[in-house]
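**Student:** Sharing a model prediction with you, sequence too.
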Amino acid sequence: MKRKSFETMRCPAARALEHVGDGWNILILRDAFYGLSRFDEFQKSLGIAPNILTRRLNDLVESGLLERRAYTDKPPRHEYVLTPMGRDFGPVLLTLVAWGSKHFAPTEGPGIALTDDASGEPVDLIVADARTGLPISPLTHSIHTTASADETAHWRMEAGRERRLAYSATLVAATDSSPEGHP
């Protein structure tokens, strides 16, 4: 059964999920970031059925996240490499890895870590405002609809406004009562 398409939704998150939202697609992109590029490498890494892998690779090529390149003519073989759009998914993937490592790592640890090349130290990933360098926080940032938002987006933002404000207030209270000024 084919899932509902998000292509016509005005929400940027929904439209992004139209292209990368399948779990297999995200894992294929992960492997491409790790340097895998050939069908047999993806299959070995993921343990995925060949017909499903073929479909997912074709979807990622069609979406513009991977490029299919021939690496031999006899027999014809192709590799799949990240496009500039695919490489732009890198920060999303790193954020997902950091979140998964924090909340769902096995008891023996996450198994992979992002490290600083110069020091070898693990990196504590944050999402920051590129303009100011400040970490994104509900204490200092908020989401709003824009002029191009549709009626559903306006409703969504209004329906959740009180809960967002209440959550921010709990963070402010925690910060105010913390000895270091941090929640």
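**Tutor:** Great, that's in hand. Here the structure is a predicted model, which means the values were calculated and not measured.
**Student:** Val127: what's it in contact with?
**Tutor:** 95, 135-136 (Cβ atoms under 8 Å, 6 or more residues apart in numbering). Where you see a C-beta, it was placed from the backbone N, CA and C, and this is true even at glycine.
**Student:** Render the CA-only coordinates of the strand or helix carrying Glu41 in CSV, please.
**Tutor:** Assigned by DSSP states H and E, Glu41 belongs to helix 39-46. Provided in CSV are the C-alpha atoms of helix 39-46 (Å, rounded to 0.1, in the frame of the first residue of the first chain):
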residue,chain,number,x,y,z
PHE,A,39,24.7,-1.4,-4.2
ASP,A,40,26.4,-4.4,-2.6
GLU,A,41,27.8,-2.1,0.2
PHE,A,42,24.4,-0.7,1.0
GLN,A,43,22.9,-4.2,1.0
LYS,A,44,25.6,-5.6,3.3
SER,A,45,25.3,-2.6,5.7
LEU,A,46,21.5,-2.6,5.9
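**Student:** could you give the angle of the next helix or strand after that helix to helix 39-46?
**Tutor:** The C-terminal neighbour of helix 39-46 among helices and strands, as given by DSSP H and E, is helix 50-62. For helix 50-62 against helix 39-46, the angle by axes from the mean of the first three to the mean of the last three Cα atoms, to 10 degrees is 110 degrees.
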